[in-house]
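J.: Have a look; sequence and predicted model below, questions after that.
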Amino acid sequence: MRITKDSSHLHLNREYFPPGDKSISHRSIFLSALGENEVKIENFLFCDDCLRTINAFQKMGVNIKIEDEVVKVKGVGLRGLKPPPEAIYLGNSGTTARLLLGVLSAQQFECELYGDRSLNARPMERVTHPLSLMGAEFIFLEKEGYLPLRVSGGKLAGIEYKLPVASAQVKSALLLAGLYASGRTGIIEPAKSRDHTERMLKEFGVDIKIDGLRIEVTACEKISTEDIFVPGDISSAAFFIALALLLDDAYLVIRNVGINPTRMGFIEAVKRMGGDVDVIPYKELKSGEPIGDIIVKSSQLKAIEVKGEEIPLMIDELPLIFLLGCYAQGVTRIYSASELRVKETDRINSVSANLNAMGGEIKVEGDDVIIYGNRRLKGANLRSFGDHRTAMVAVIAAVIGDGESNIDDLECVKISYPDFVSDVEKILDGKVKFKN
Ligand code: S3P
């Protein structure tokens, strides 16, 4: 795909509604499928990954329909899932895989799961290990610790488990398994990760206690689900926040976006860089999620350090810090970003390869990333590596950079943001064109 610009001066003055949040869309299906009621989900994200979650529950006998962009789920209750007729294909979706392992661990049937090449290469042991401590059994069909695998549900017993990495997917899998386990399931995170599962469970009447980094859940008989409105996805909006910050003449108002503090790491980091970003909260939704507007203006940025507890709060947006760092004054350093290496691709390598091809200077030392600033990127041949977020960072870099760029494949953006390309075109009044 060739990315060209009609004008060297791109101007942005717009209101923008980001698509529904991916993490919350997944959870809305999990909980409504296991709940007691018929639930309507609005502003659901119809991306490839979330459709995998819908498909998985349909395969297990849950009636899920999509009418006028509203998802309608007839919950079957915690014990109403049926054995799927065949192995469930999860595509590229890590969230579906890991959360589903939590649910399947407690079912009275066996089930096989497999993914695409990228998902089959992502670590599952971080979930299967604690779930086996609770009583589930896993048979790895090709490689120990990876999909494809067969899970045999068991009678689960609660455990007290210290997560070795801060991962909302692993935490959520254990919380879902904990809904079925005898006794109490206690999970201690090394640092706070996104807490959408906790918020939604609490709103729907589940006995869940949060004390600092420890979360405790007790088995329950039912989940009292209600209709859900999914807030806009801050991780999708982040691409446009970066765009507005880097353009010379930009004013962007982002509406209806989720502003859950466990997802605000990128905004906090951008503010530290001197970014002109204002967050205007307006309400909390029924799913327990805060929502608001974010206003972004062009900014001269300065280098920062990113490390420790803030990394899980901005894990999906970190690649954008690589890009912002190229334009900031000074040297930006990101420490211990090893979790980026186990995403849809090794994002430390994929993102730095693209930005370096454009004239950036990003060095990698172990899992630390050093980004030299004051660069002006220029068009180049870029690669998505089949990874949606790597592809979208490349697009924003191509729009900001001088001249034109080529990206080998943008098909993968459908994983999390099917309308990404048309939203970029729209927001820049058609001045940027994508041609095959
Ligand atoms: C997600 C958690 C994060 C994130 C992913 C979505 C979730 O993964 O990168 O895009 O919905 O729970 P980890 O839990 O593996 O960090």
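T.: Ah, there it is. This structure is a prediction, so every number in the text was calculated from the model and none was measured.
J.: Could you use CA atoms for every contact and neighbour count after this?
T.: OK.
J.: OK, contacts around residue 94?
T.: For residue 94, the contact set (C-alpha atoms under 8 Å, 6 or more residues apart in numbering) comprises 119, 122.
J.: any idea how far it lies from residue 415?
T.: Residue 94 is 11 Å from residue 415, where distance means C-alpha to C-alpha, to the nearest Å.
J.: any shared contact partners between those two?
T.: With C-alpha under 8 Å, 6+ apart, residue 94 and residue 415 have no common neighbours.
J.: Please work out the residue of the stretch 301-436 of the chain nearest to the ligand and name it.
T.: As assessed by C-alpha to the nearest ligand atom, the ligand sits closest to residue 316 within the stretch 301-436 of the chain, at 5.2 Å.
J.: ok, that residue touching residue 235?
T.: Yes. Counting by C-alpha atoms under 8 Å, residue 316 does reach residue 235; the two are 6.6 Å apart.
J.: For residue 389, see how far away the residue of the stretch 301-436 of the chain closest to the ligand is.
T.: Residue 316 is 8 Å from residue 389, where distance means C-alpha to C-alpha.
J.: Same check on residue 428?
T.: On the measure of C-alpha to C-alpha, residue 428 and residue 389 end up 20 Å apart.
J.: neighbour-wise, which of these two wins?
T.: With neighbours defined as other C-alpha atoms under 10 Å, residue 428 and residue 389 compare such that residue 389 has more, 28 against 18.
J.: Grab the nearest non-local neighbour of that one.
T.: residue 413 (7.3 Å; C-alpha to C-alpha, 6 or more residues apart in numbering).
J.: ok now do the one you found, which residues does it touch?
T.: So residue 413 contacts 387-389, 391-392, 420 (C-alpha under 8 Å, 6+ apart).
J.: Adding distance to the ligand and pLDDT, write those out as a markdown table.
T.: Listed next are these as a markdown table, based on distance: C-alpha to the nearest ligand atom, whole Å; pLDDT from 0 to 100:
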| residue | distance to the ligand | pLDDT |
| --- | --- | --- |
| 387 | 12 | 98 |
| 388 | 10 | 98 |
| 389 | 9 | 98 |
| 391 | 15 | 98 |
| 392 | 14 | 98 |
| 420 | 16 | 98 |
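J.: closest to residue 354 among those?
T.: residue 391 (9.5 Å; C-alpha to C-alpha).
J.: Assumed the closest one was part of a helix.
T.: Yes. The assignment for residue 391 is a helix, going by DSSP: H, G, I helix; E, B strand; the rest coil.
J.: ok now do it, which residues does it touch?
T.: In this structure, residue 391 makes contact with 383-385, 407, 409-410, 412-413, judged by C-alpha under 8 Å, 6+ apart.
J.: what's the burial count for the residue of the stretch 301-436 of the chain closest to the ligand?
T.: 21.
J.: check which helix or strand covers it.
T.: Using DSSP states H and E, residue 316 sits in no helix or strand.
J.: do the same with residue 283
T.: Using DSSP H and E, residue 283 sits in strand 276-284.
J.: Whichever residue of the stretch 1-150 of the chain sits closest to the ligand: neighbour count?
T.: Proximity of the stretch 1-150 of the chain to the ligand (C-alpha to the nearest ligand atom) peaks at residue 23, 3.8 Å away. Using other C-alpha under 10 Å, residue 23 has 23 other residues around it.
J.: swap in residue 88?
T.: 20.
J.: how close does it get to residue 115?
T.: To residue 115, residue 88 is 8 Å away according to C-alpha to C-alpha.
J.: try residue 14
T.: Taking C-alpha to C-alpha, one finds residue 14 at 38 Å from residue 115.
J.: One more: residue 186?
T.: As judged by C-alpha to C-alpha, residue 186 and residue 115 stand 29 Å apart.
J.: ok, now residue 363?
T.: Distance from residue 363 to residue 115, counting by C-alpha to C-alpha: 32 Å.
J.: now swap in residue 36 and tell me
T.: Note on residue 36: its distance to residue 115, by C-alpha to C-alpha, is 29 Å.
J.: What parts of the stretch 201-350 of the chain come near the ligand?
T.: Proximity of the stretch 201-350 of the chain to the ligand, by C-alpha under 6 Å from any ligand atom, involves residues 315-316.
J.: And the helices in the stretch 201-350 of the chain?
T.: 234-246, 265-272, 318-327, 347-357 (DSSP state H, counting those that start in this stretch).
J.: Kindly confirm my reading that residue 122 forms part of a strand.
T.: No. Counting by three-state DSSP, residue 122 falls outside a strand, being coil.
J.: that older thread, neighbour count: residue 363 and residue 115, which is higher?
T.: Taking neighbours as other C-alpha under 10 Å, residue 363 and residue 115 compare with residue 115 leading, 21 against 17.
J.: so who does the more buried one touch?
T.: Contacts of residue 115 (C-alpha under 8 Å, 6+ apart): 89-93, 147-148.
J.: In strands, which of these fall?
T.: Counting by DSSP state E, the contacts of residue 115 place residue 89 in strands.
J.: Tell me the one among the contacts of residue 115 nearest to residue 309.
T.: Nearest to residue 309 among the contacts of residue 115, with distances taken as C-alpha to C-alpha, is residue 93, at 24.9 Å.
J.: Quick check: which element contains the nearest residue to the closest one once chain neighbours are set aside?
T.: Nearest residue to residue 93, sequence neighbours excluded (C-alpha to C-alpha, 6+ apart): residue 49, at 4.9 Å. Taking DSSP H and E as the definition, one finds residue 49 inside helix 48-59.
J.: does any part of that helix sit near the ligand?
T.: No. If you take C-alpha under 6 Å from any ligand atom as the test, helix 48-59 misses the ligand, and the best it gets is 10.1 Å.
J.: Next secondary structure after that helix?
T.: strand 63-67.
J.: Please name every helix or strand in contact with that following strand.
T.: strand 70-74 (3 or more C-alpha pairs under 8 Å, 6 or more residues apart in numbering; DSSP states H and E).
J.: what packs against the strand it packs on?
T.: The helices and strands touching strand 70-74, judged by 3+ C-alpha pairs under 8 Å, 6+ apart, are helix 22-34, strand 38-42, strand 63-67.
J.: Make CSV from the contacts of residue 391 and add secondary structure and pLDDT to it.
T.: Formatted as CSV, the contacts of residue 391 follow (DSSP: H, G, I helix; E, B strand; the rest coil; pLDDT from 0 to 100):
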residue, secondary structure, pLDDT
383, coil, 98
384, coil, 98
385, coil, 98
407, strand, 98
409, coil, 94
410, coil, 97
412, helix, 98
413, helix, 98
